[in-house]
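Engineer: return atomic coordinates for the entry below.
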Amino acid sequence: MRDAPVVGGVNVSRGNGEIIRMRRGASISDFADKIETLTGYTVQPGTLVTILFNLGEMATATESLDEATFEVLGAELGYKIQMVSPEDEDKELLEGFGLDLDAELENENEEDLEIRPPVVTVMGHVDHGKTRLLDAIRQTNVVAGEAGGITQHIGAYQVWTEHEGIERAITFIDTPGHEAFTAMRARGAQVTDLAILVVAADDGIMPQTVEALNHAQAAGVPIVVAVNKIDKPDANPAKVRQQLTEYGLVAEEYGGDVIFVDVSARAGTNIQELLDAVLLTADAGLDLTANPNKAARGVAIEAKLDKGRGSVATVLIQSGTLRVGDAIVAGTAYGRVRAMADENGDPVAEAYPSRPVQVQGLNSVPRAGDTFIVTDEDRLARQIAEKREAAERNAQLAKARKRISLEDFTRALQEGKVESLNLIIKGDVSGAVEALEESLLKIEVDESVQLRIIHRGVGAITESDVNLATIDNAIIIGFNVRPDTKARERASREGVDTRFYSVIYNAIDDVEQSLKGMLKPEFEEVQSGVAEIREVFRSSKFGNIAGVIVRSGTITRNAKARVIRDGVVVADGLAIESLRRFKDDVTEVRTDFEAGIGLGKFNDIQIGDEIETTELVEKPRS
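Structural biologist: Okay, the predicted model is just below:
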C-alpha cells in the first residue's frame, strides 16, 4: 500500500462522496482500514484521531464510536457513511463463514418445498381469557398452574385438528403481554404468521387490546378475532365488532375481510370454528411452505437456565429439520443438541418446520428472538457465536444511538432518513387522547411528509410504549400523564424523545412547527425532583401537609410542582409553598431525605401520591 497524499500538512486520503459502510461500534482504526481498502492508500489511525480532535470530538483509535461521530469525520474527509443494520451485520458475518441464508432460500426449487403449519400468536388484554382459550384448544389445564392466573412465561404448543377432512397442525405461541413479541420484532425476527386477537364480549376494547392490535398490524400479520366469554349474561359480541371497526378491523358480516368467531373458552363453545378460521385465513392469504430436507434454521422463542439441565431454549423451526446431535448456534450461544422435548416434556428425535421444541446443550442462554442455525461442526458454531459476541460488545461500547426528536426531525427529513413522524399518544382520559389525535391528523403539511400515530392509549406511559417507540423511531406525547419508573429509565437509556403537555394546543403547535421545519425551542421543562407521600398531616392553620421522602433529584422551596396519582396528573400549576425538615424551614431537600411539604391551598393529597417538581431550562438550539 502507498502512503496517503499530504493534504493540509497531514497524510490523509480524501474521498469524492464514496460510500463507506461501517458496523455498529466500529473504531477509528476500522475506519482507516476501510479507507485503505477503498483507495489503496495507507492512512494512520492517529491522523484520523487528530482530525476528529480538530472537529471538537475526542476519541482514541480503538474506541467504539457512534453513527453521528463517523458522519462528522466522513463529511470532513469527503466520504458518506452508511451504518450497517444489525440484520445486515449478522448476514455479512455469516457470509464470512460461507453461510448465505438468503441465497439458500432463493435457490430452493418448488419440489423441495412442503406445506408447513401456520404459527399463531395469541394476543389481547389481560384477563380476557387468552390462556384459558389455549387451555380449551389443548384440553390441558395450564391456567391452574399459573400464579394468579396470569401467564408467567412464553409457551409454544402444537395442536392437531381436522380441517376439510384433513388432519392439520397449528403452532400456537402464548405471550405474557406484548413485550416478547416486540423484542423479537426489534431484532428482525418475523416469527408469527397470524395473530388471534382475544376480546372479552362483556368487557370490550381495553388499552391492552389496542396495544396488541397495534403490534400485530405493525408486524404486518393477518388477524383473526376471537370474541370470548359469550356465555356471560352481559356479553355483547356486536359491540366488540362495532368497536374494532374504528381500528380498521371490519368483520366479514359487515363487508370486511376479517373473520370474527364468538367463543367461550370456559364452555368450549366454537373452538373448532376458531381453528377452522385460522386455517382458512392462512390458506387464503399466506404461502406457508418450507424445505425440511436441509440443516435447520429458526428462532429462539424463550430460554432459561435450569439448575439440573443447564441452558434450556424453546426454539421454533422455520426451515430444515433439527435433530439430536446437531451443532447449533443461537445468537451468542452455541453447543450441540443433547436432548429435545415437546411441550409436554416428551423426548423428540427430529423437529420439522413450524415445530416448537425445547433444546438442551447450549453453553449459555440466548435471548428471545435470536436466530439459530445448524452448522457442520462445533468449531464453526463457536466461531460464529464469538464473532457475534464481539460485535455486540463493540455496539454496546459505542454511545447510545440518539433517537429522533422533534428538533432534528426536519434535518433528518432533508437528509432522506425519515419519511414520516411517528407518534405515540398517551393521555389521562380517552376523550383528550381522541381530541389530540384528531387535531394532529388535521395538520396540513407538504405531501412528502407524513404524520403517523402508531399507538394511542389511556393511562401512564409504560415500558411497552417505550419499546414500541424504540422500534418504530417514534416520539411519545404524554397528555396529563407521566411515565412509570421502568418506562422513564428505559426512555432515558434508549434516547426516546418523550414530551409532556397539559395544554392541547401546545402539543399541536410543537408538532405542526416540527412538520413545517419551524421548531425553535428555547426552554424546556425539566424534572428537578420527585417525592413520595408517606403520610398526610392535617393542620387547621396550614391545611394538609405531605410527609414525604425524596425519591430522586432535589425538592426546592417555591419550585413549580404537580401531584401525580397512579401515573396520572391530578393537579398542576402548584408550588412548594413550605418546606420543612423536622421543625426547621429549609430551602431544599435532597434524595433519600424526609421532609414536610405544603402545597398552599391544594389539599387533595393521598398516601402514595408523587409530588414532582420542575424547572425551566434553556435549551440550546440545534
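Engineer: going forward, measure contacts between C-alpha atoms and count neighbours the same way
Structural biologist: Noted.
Engineer: C-alpha coordinates for the helix or strand in which residue 612 is found, CSV please?
Structural biologist: Residue 612 is part of strand 610-618, with elements assigned from DSSP states H and E. Output in CSV follows, covering the C-alpha atoms of strand 610-618 (Å, rounded to 0.1, in the frame of the first residue of the first chain):
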residue,chain,number,x,y,z
GLU,A,610,-46.0,11.6,44.0
ILE,A,611,-45.1,15.3,44.1
GLU,A,612,-43.0,16.2,41.0
THR,A,613,-41.1,19.5,40.9
THR,A,614,-39.9,21.0,37.6
GLU,A,615,-37.8,23.9,36.4
LEU,A,616,-37.5,25.6,33.0
VAL,A,617,-34.1,25.2,31.5
GLU,A,618,-32.8,27.0,28.4
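Engineer: confidence score at residue 407?
Structural biologist: For residue 407, the model assigns a pLDDT of 56.
Engineer: next one: residue 239
Structural biologist: Turning to residue 239, the model gives it a pLDDT of 91.
Engineer: kindly report the same for residue 34.
Structural biologist: For residue 34, pLDDT reads 85.
Engineer: a helix runs through it, doesn't it?
Structural biologist: Yes: under DSSP: H, G, I helix; E, B strand; the rest coil, residue 34 sits within a helix.
Engineer: these two touch, right, it and residue 20?
Structural biologist: Yes: contact criterion C-alpha atoms under 8 Å: residue 34 and residue 20 qualify, at 6.9 Å.
Engineer: mind checking the pLDDT average for the strand holding residue 612?
Structural biologist: 86.
Engineer: can you report phi and psi for residue 462?
Structural biologist: phi -110, psi 170 (degrees, to the nearest 10).
Engineer: for it, give me its contacts.
Structural biologist: Residues counted as contacts of residue 462 (C-alpha atoms under 8 Å, 6 or more residues apart in numbering) are 483, 484, 486, 487.
Engineer: excluding chain neighbours, what is closest to the third one?
Structural biologist: The one in question is residue 486. Spatially, and ignoring its direct neighbours in sequence, residue 486 is nearest to residue 463 (6.1 Å; C-alpha to C-alpha, 6 or more residues apart in numbering).
Engineer: give me the residue at the spatial middle of this structure.
Structural biologist: residue 467 (3.1 Å; C-alpha atoms, centre = their mean).
Engineer: low pLDDT regions in the stretch 101-250 of the chain?
Structural biologist: 101-106, 126, 128, 140-155, 174-190 (pLDDT under 70).
Engineer: one step back: could you list the paired strands of the strand holding residue 612 along with their orientation?
Structural biologist: Strands that pair with strand 610-618, judged by DSSP bridges, come out as strand 523-539 (antiparallel), strand 560-565 (antiparallel).
Engineer: shouldn't residue 60 be within a strand?
Structural biologist: No: Residue 60 is assigned coil when assessed by three-state DSSP, not a strand.
Engineer: now for the residue nearest to it when sequence neighbours are not counted: which residues touch it?
Structural biologist: Spatial nearest neighbour of residue 60, chain neighbours left out: residue 49 (6.5 Å); criterion: C-alpha to C-alpha, 6+ apart. With contact set as C-alpha under 8 Å, 6+ apart, residue 49 has these partners: 28, 58, 59, 60, 61.
Engineer: and residue 49, what element?
Structural biologist: Going by DSSP H and E, residue 49 is in helix 45-54.
Engineer: what packs against the helix or strand following that helix?
Structural biologist: Next helix or strand after helix 45-54 toward the C-terminus (DSSP H and E): helix 67-77. If you count contacts as 3 or more C-alpha pairs under 8 Å, 6 or more residues apart in numbering; DSSP states H and E, helix 67-77 packs onto strand 79-83.
Engineer: try it again with 10 Å
Structural biologist: Under the contact definition 3 or more C-alpha pairs under 10 Å, 6 or more residues apart in numbering; DSSP states H and E, helix 67-77 sits against strand 18-22, helix 28-39, helix 45-54, strand 79-83.
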